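Participant: Mind folding the following:
(one chain, ligands or ions: 1)
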Amino acid sequence: MEIKTDFLVIGSGIAGLMFAHKVSAVGSVALVTKRAIMDSNTALAQGGIASVMSEVDSFEAHINDTLASGDGLCRSDVVEMVVKQGPGRIQELIDLGVQFNLDESRRKGDETVNLALGREGGHSQKRIVHAQDMTGRELETVMVDHVRNQPNIHLYENHITIDLITHATRVRRGLVSTATDEYCCGAYVLDLETSQVRTFSAAIVLLATGGAGKVYLYTSNPDIATGDGIAMAYRAGATVANLEFVQFHPTCLYHPDAKNFLISEAVRGEGAVLVDRAGKPFMHKYHSDKDLACRDVVARAIDTELKKSGEDSVFLNISHQDPEFIRQRFPNIYSKCLSYGMDITRDPIPVVPAAHYMCGGVTTDINGRTDIDRLYAIGETACTGLHGANRLASNSLIEALVYAHKAAGQAIKALKTIDRGQVPALPAWDEVGTTDSDEVIMVAHNWDEIRRLMWNYVGIVRSDKRLARAKRRIEMIQKEINEYYWGFKVTAGLIELRNIATVAELIVKSALSRKESRGLHYNIEYPDKDERLAQTDTRFKRPLAD
Ligand code: SIN
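Facilitator: Numbering: from 1, shown residues only. Predicted structure coming up:
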């Protein structure tokens, strides 16, 4: 069955929801998400949104902090644009009903927004707008409500996108013979309730599927983070960039039952100190900013401490702060830790680094357009040039909001130029594998193998030898996945496995091709930065004949 829509939005984090909300003013929107609408990385975001919201802060300071963290790879025009648009996007959220924490001591008059501002690593000022330690949940809840009440938006939960449909797909399937300019015209989507594949035909397609933390064994990300948008865009022929820059969050809770629980950097922003098992602080040995150094520095420092000591974790101690303040400021972290028997007002919290954020992704221009016409990518799926080699803490939600705004404006203009009377004929889904698999173990085994080998060989500290080992293994796994993919009916597990394998391959190829250490990419064989590689992205584009 074919579903026709003006805008196809894939993903239901803040980027997809905000874009859908904006474009629904001018056309029909199909919002496709592979689990329930709230299952997104956004909903787990604790820290907040970085933006210049106080009189002692300045755009210049936020720009400089972002550039310093990005370590020579940020696009300065993008940084300036995002930073300057930040306050307007925060105001828009407030107008939509988002409730951030307020600081009564900053109130100047009834009209003034007196937001409470937190601090995180790499920021020279307090500029993190937050809703306690559940900022993402607040954003997601408010925006889901708007989206659900918008008659122009049709929501498809439990629908996983398999692949994009482009003009090249139509040429390959013999529907058209002429090779005009490449453009995206829809997607094949598996309805997980009926197991039927549906064809979506759209004038504009937006990828906002989030990141790919599940490529690694240990991650702060939810199960949905399988790099679907990056993998699909790459298969469709879009350029991807800078995938070697995987951000490891320094402080994930270390507990056998805590699958992916983050201890927000905002905890260090409120004075928490990293200590070893004996209670001794160690960050002074690694950076003058100590516990509030940039994430790459803190994650590598913890990795070094763990390798030296042979311990399973280090500890984060905030017990010197007022217990009532801790409970008020971090209610989510407090109660989660308490559920595991740890009272953070008294006990140090065991923490380890875990894969957290992809700084690279599908390359876009300043309006969120990829190099395939009518295909947009925003949020963690995209590589806009804001983050460079290392994302500054809490710059991701602001990037998603600014780019949802920019891309929506651009897409609304573009829609006017597309003749919807001339909807291209799309090939129906080809039931490539017609039988149900009798070997589900292949999917489970390869999921596990990829995640483990990426953790062991392509982690915080890399070497060419380990990367080459990873490359060989991933190539073998991909061969196996391909044979299986064309033999059996697609399932969610197989689609996600194929995507994490593609993203893993791209991370390894990107890491192997960067012969230096910069930002989040550290290779012991090239421990220094090569100044000739500043402003040089690592780009990959799949030849369309593949
Ligand atoms: C955190 O709360 O530490 C995560 C915020 C971020 O990744 O920007």
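
Participant: Just the helices from the stretch 301-450 of the chain, written as ranges.
Facilitator: For the stretch 301-450 of the chain, the helices defined by DSSP state H, counting those that start in this stretch cover 323-329, 331-339, 395-417, 440-457.

Participant: Which of those helices sits closest to the ligand?
Facilitator: Of all the helices of the stretch 301-450 of the chain, helix 395-417 sits nearest to the ligand, with 5.4 Å by CB to the nearest ligand atom. Any C-beta I mention is one placed from the backbone N, CA and C, and that applies to glycine too.

Participant: tell me what the closest one is packed against?
Facilitator: Contact here means 3 or more CB pairs under 8 Å, 6 or more residues apart in numbering; DSSP states H and E; on that basis helix 395-417 packs against strand 2-10, helix 14-23, strand 49-50, helix 76-96, helix 135-148, strand 197-207, strand 375-377.

Participant: Give the buried residues for the strand or helix carrying Ser510.
Facilitator: Using DSSP states H and E, Ser510 sits in helix 492-513. Within helix 492-513, the residues that qualify as buried are 492-512, counting by 16 or more other CB atoms under 10 Å.

Participant: go on, stretch 89-103?
Facilitator: Buried positions in stretch 89-103, judged by neighbour count with 16+ other CB under 10 Å: Arg89, Ile90, Leu93, Val98, Phe100, Asn101.

Participant: and the residues you listed as CSV, adding pLDDT?
Facilitator: Compiled in CSV, the buried residues of stretch 89-103 are given as follows (pLDDT from 0 to 100):
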residue, pLDDT
Arg89, 98
Ile90, 97
Leu93, 97
Val98, 97
Phe100, 96
Asn101, 96
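
Participant: Between these, which sits nearest Ala382?
Facilitator: Nearest to Ala382, judged by CB to CB, of the buried residues of stretch 89-103 is Arg89 at 16.2 Å.

Participant: Considering only helices and strands, which part of this protein has the lowest mean pLDDT?
Facilitator: In the chain, no helix or strand scores lower on mean pLDDT, DSSP states H and E than helix 167-172, which sits at a mean of 78.

Participant: Would you mind listing what in this structure touches the ligand?
Facilitator: Contacts of the chain with the ligand, taken as CB under 6 Å from any ligand atom, map to Gln46, Gly47, Leu262, Ser264, Glu265, Ala266, Tyr357, Ala393, Ser394, Ser396.

Participant: With adjacent residues omitted, what lies nearest to Trp455?
Facilitator: Leu217 (3.9 Å; CB to CB, 6 or more residues apart in numbering).

Participant: Provide a list of residues in contact with the one you found.
Facilitator: Leu217 is in contact with Arg451, Arg452, Met454, Trp455, counting by CB atoms under 8 Å, 6 or more residues apart in numbering.

Participant: who wins for neighbours among these?
Facilitator: Met454 (25 neighbours; other CB atoms under 10 Å).

Participant: burial measure for the closest residue to the ligand within the stretch 401-546 of the chain, as a count.
Facilitator: With CB to the nearest ligand atom as the measure, Leu520 is the residue of the stretch 401-546 of the chain nearest to the ligand, at 12.8 Å. For Leu520, the neighbour count with other CB under 10 Å is 27.

Participant: Then Asp528?
Facilitator: 8.

Participant: Which pLDDT value belongs to it?
Facilitator: In this model, Asp528 is scored at 98, pLDDT.

Participant: And what about the closest residue to the ligand within the chain, helix, strand or coil?
Facilitator: Residue nearest to the ligand within the chain (CB to the nearest ligand atom): Gly47, separated by 2.7 Å. Going by DSSP: H, G, I helix; E, B strand; the rest coil, the secondary structure assigned to Gly47 is coil.

Participant: Hmm, it is touching Ile263, no?
Facilitator: No: Gly47 lies out of contact with Ile263 (CB atoms under 8 Å); the separation is 10.5 Å.

Participant: Look at these two and report which has more neighbours.
Facilitator: Of the pair Gly47 and Ile263, Ile263 is the one with more neighbours under other CB under 10 Å, namely 28 against 24.

Participant: re the thing from before, next, the residue nearest to Trp455: phi, psi?
Facilitator: The phi/psi pair for Leu217 (degrees, to the nearest 10) reads phi -60, psi -40.

Participant: Then Tyr188?
Facilitator: The phi/psi pair for Tyr188 (degrees, to the nearest 10) is phi -90, psi 130.

Participant: now do the one 3 residues further on
Facilitator: According to degrees, to the nearest 10, the main-chain angles of Asp191 amount to phi -80, psi 110.

Participant: Now for it, how many residues are close by?
Facilitator: Quick note: Asp191 (other CB under 10 Å) scores 16 neighbours.

Participant: Spit out the contact partners of Met53.
Facilitator: Contacts of Met53 by CB under 8 Å, 6+ apart are Pro87, Ile90, Val113, Leu115, Leu117, Arg127, Val129.

Participant: Roughly how far does it sit from Leu115?
Facilitator: 5 Å (CB to CB, to the nearest Å).
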